[in-house]
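Engineer: only the shape, not the letters, is given here:
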């Protein structure tokens, strides 16, 4: 269907992925499928009945774009907002901790459980630990991340109970996103707090 399909990938971010080796490979995928990549654009309104979506530009003015006659945006330096027609729209909704957490005394200014990013212990209440989607950890909220967080949390709780100190185990921000790039093809994006592609230790290739 590539000859009858136009794909636009608009994102509020400045890059397609925060880890450079992964981003470089994904940009090759974008080029291969002729995807229209538009950074610095955040969705602000969806008209489901008429299948129209409005994006607001949130980055440098030189990246502004307008909508062409065929309904696709193109960089040219015009309005802060663009409205596009769509046949299929895929969006990830904003993430937030549950209301009872956000309204508690346990959260940081952004509304996430305020834990140490390495020990997973609460920064104010030492008998509280947190992990997963509710925790204020600067990494992707994935099942793969939790798989690495759980052993650290358990080791620290048990060591705290027994010795009144934390264990030496730490969580270094591991997370993973399997990114399908075609039939039978994918990129396994594994990374840490430093935005390092962790597979680099074993291979210098990113398959796409």
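Structural biologist: Thanks, I have it. These numbers come from a predicted model, not from an experiment. Residues are numbered from 1 along each chain as shown.
Engineer: can we go C-alpha only for contacts and neighbour counts from here?
Structural biologist: Noted.
Engineer: in the longest helix along the chain, what counts as buried?
Structural biologist: Secondary structure of the chain per DSSP state H: the longest helix is helix 143-163. Under the neighbour-count criterion of 16 or more other C-alpha atoms under 10 Å, helix 143-163 has 144, 145, 146, 148, 149, 150, 152, 153, 155, 156, 157 buried.
Engineer: and the closest residue to the fifth one other than its chain neighbours, helix, strand or coil?
Structural biologist: With C-alpha to C-alpha, 6 or more residues apart in numbering as the criterion, residue 149 has its nearest non-adjacent residue at 6.1 Å, and that residue is residue 171. The three-state assignment at residue 171 reads coil, by DSSP: H, G, I helix; E, B strand; the rest coil.
Engineer: still on that earlier bit, mind putting the buried residues of helix 143-163 in a markdown table, pLDDT included?
Structural biologist: As requested, the buried residues of helix 143-163 are exported to a markdown table (pLDDT from 0 to 100):
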| residue | pLDDT |
| --- | --- |
| 144 | 94 |
| 145 | 96 |
| 146 | 96 |
| 148 | 97 |
| 149 | 98 |
| 150 | 98 |
| 152 | 98 |
| 153 | 98 |
| 155 | 98 |
| 156 | 98 |
| 157 | 97 |
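Engineer: what kind of secondary structure is the residue nearest the centre of the chain in?
Structural biologist: Relative to the mean C-alpha position of the chain, the nearest C-alpha, by C-alpha atoms, centre = their mean, is the one of residue 140, at 5.5 Å. On the three-state scheme (three-state DSSP), residue 140 is labelled coil.
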